[in-house]
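Student: Have a look at this fold, sequence not included:
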């Protein structure tokens, strides 16, 4: 490993130096020596920039993303993946684009950002199809199967695994057909056979799981649906009750949580989200301000500008809301919405200063619904704005506070979302 680096240093060739430093970085990453791996990846990228080799620089960024991912730094990994994808596209390196999209999708799965994960994986799978690379296609299908299984979409997971199994079998047949059974080829045959057996086992397990689900539903479908609806209604009623407790601290915000939830669900529907995701948006929006339970009443009801210390106290409510909701099983999305609904598209929000699509989609939806309802409702420090005044105020923050595409959809007269409640 180090001998190769020394040889590259003697040659002075920028490309050889880049590859040598990258290879050493890979070895260090596999050994868990993250700081040394990062140092060598960065040196590799310096040589790539000097050589004008954007394709290899994209590889370096990809490796830094994997390193950040291994260390649990999701925002940093997301940033590196985004930069790697942009450079790969600029260099027209479709294989690197594909691998980056698939690994980015894996990252978003770990972060439970399902909408973003699905988008990355679908784009990566589509690119892999065009490249006709069995290796990349196999990786993409494997991650897509994992995504569907995590989401409970067992039929889709089975379909992805069946395709992956067929690709593995085809590799095995191709290797056998070559009849060049030297030792390395024999090892590859054995690896391919083992892979096919593993996939066949997982395929069988998924089929059994699907069959069991079908049997359970067939036993008493009506009762299952009734229990599900009753549980959803109980959860909704509980969250509405919790929201009313919060709003009791500030009489000027009565019904705010329910209205924000209605706006948010309508926007999610217009965006084309699934029924399940629309329900998650709705429930999370009801309690997006739950953290205000820890803000003194005097601050919430103050009729004039807040002092700096009061502003800092108020701005802690998203973090407190996240802490409260993350303790309740099944409210992960709601906890994330509570934490991020005051983030801004331009990165100037709080508490984490997230920017653009780093802000979870559900939180971006609730941010728009929340501000709209605040503007068209009376507050201690101002009267309610008219609908046109509110539209102008929101439009002024298009691309500033708000996701521009979501805001356009929210304000679209044809969609009628902003007209859902008419306080004017």
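Tutor: Right, received. Where do you want to start? All of these numbers come straight from a predicted model, not from anything done at the bench.
Student: where exactly do the strands run in this structure?
Tutor: Applying DSSP state E to the chain gives no strands.
Student: which residue sits closest to residue 139 in space, ignoring its chain neighbours?
Tutor: residue 102 (5.7 Å; CB to CB, 6 or more residues apart in numbering). The C-beta positions use only the backbone N, C-alpha and C, and glycine is treated the same way.
Student: isn't that neighbour right up against residue 123?
Tutor: No. Applying CB atoms under 8 Å as the test, residue 102 and residue 123 come out as separate, 9.0 Å apart.
Student: Of these two, which one has the most company?
Tutor: Taking residue 102 and residue 123 together and counting by other CB atoms under 10 Å, residue 102 has the greater number of neighbours (23 against 19).
Student: From residue 133, how far off is the more buried one?
Tutor: Using CB to CB, to the nearest Å, residue 102 is found at 12 Å from residue 133.
Student: Centre of the chain to stretch 314-332, how far?
Tutor: Centroid separation for stretch 314-332 versus its chain: 18 Å, with CA atoms, centre = their mean, to the nearest Å.
Student: just stretch 27-47 next, same as before
Tutor: 26 Å.
Student: what comes up buried for that stretch?
Tutor: Using 16 or more other CB atoms under 10 Å as the test for burial, stretch 27-47 gives 28-29, 37-38, 40-41, 43-47.
Student: closest to residue 343 among those?
Tutor: residue 38 (27.4 Å; CB to CB).
Student: check contacts around the closest one.
Tutor: Shown in contact with residue 38 (CB atoms under 8 Å, 6 or more residues apart in numbering): 25, 64, 67.
Student: can you count the residues close to the residue nearest to residue 291 when sequence neighbours are not counted?
Tutor: Leaving aside its chain neighbours, residue 291 sits nearest to residue 321 (3.0 Å; criterion: CB to CB, 6+ apart). By other CB under 10 Å, 25 other residues sit near residue 321.
Student: Residue 321 and residue 368: what is the separation?
Tutor: From residue 321 across to residue 368, the span is 18 Å (CB to CB).
Student: So for the residue nearest in space to the middle of the chain, what's the nearest residue that isn't a sequence neighbour?
Tutor: Nearest to the mean C-alpha position of the chain, by CA atoms, centre = their mean, lies residue 113 at 3.0 Å. Among residues not flanking residue 113 along the chain, residue 360 sits closest, at 5.9 Å (CB to CB, 6+ apart).
Student: contacts for stretch 335-352?
Tutor: 112, 281, 284-285, 287-291, 315-316, 318-319, 321-322, 324-326, 328, 353-356, 359-360, 362-364, 366-367, 370, 399-404.
Student: distance of the nearest residue to residue 121 once chain neighbours are set aside from residue 85?
Tutor: Of all residues not flanking residue 121 in the chain, residue 105 sits nearest, at 3.7 Å (CB to CB, 6+ apart). Separation of residue 105 from residue 85 (CB to CB) stands at 12 Å.
Student: These two - which one has more neighbours?
Tutor: Neighbours around residue 105 and residue 85, counted as other CB under 10 Å, are more numerous at residue 105. The numbers are 27 against 22.
Student: is it true that residue 362 touches residue 283?
Tutor: No. Look at residue 362 against residue 283 with CB under 8 Å: they stay out of range, at 10.3 Å.
Student: tell me, what's touching these two both at once?
Tutor: By CB under 8 Å, 6+ apart, the residues touching both residue 362 and residue 283 are residue 333.
Student: Which one's more surrounded, those two?
Tutor: It is residue 362, of residue 362 and residue 283, that has more neighbours when counted by other CB under 10 Å, with 26 against 23.
Student: From residue 345, how far off is that one?
Tutor: Distance, residue 362 to residue 345, by CB to CB: 15 Å.
Student: what do you get for residue 404?
Tutor: Look at residue 404 and residue 345: by CB to CB, they are 7 Å apart.
Student: I'd like to know how many residues surround residue 421.
Tutor: For residue 421, the neighbour count with other CB under 10 Å is 16.
Student: hmm, I was thinking of residue 270
Tutor: By other CB under 10 Å, 16 other residues sit near residue 270.
Student: please begin residue numbering at 9 from this point
Tutor: Got it, the first residue is 9 from now on, which makes the last one we talked about residue 278.
Student: wait, isn't it in contact with residue 424?
Tutor: No. Assessed by CB under 8 Å, residue 278 is found out of contact with residue 424, at 9.2 Å.
Student: what ranges of the stretch 159-308 of the chain fall below the confidence cut-off?
Tutor: Scanning the stretch 159-308 of the chain for pLDDT under 70 picks out 175-262.
Student: Can you tell me the closest non-neighbouring residue to residue 150?
Tutor: residue 172 (5.8 Å).
Student: Distance of the one you found relative to residue 114?
Tutor: Taking CB to CB, one finds residue 172 at 15 Å from residue 114.
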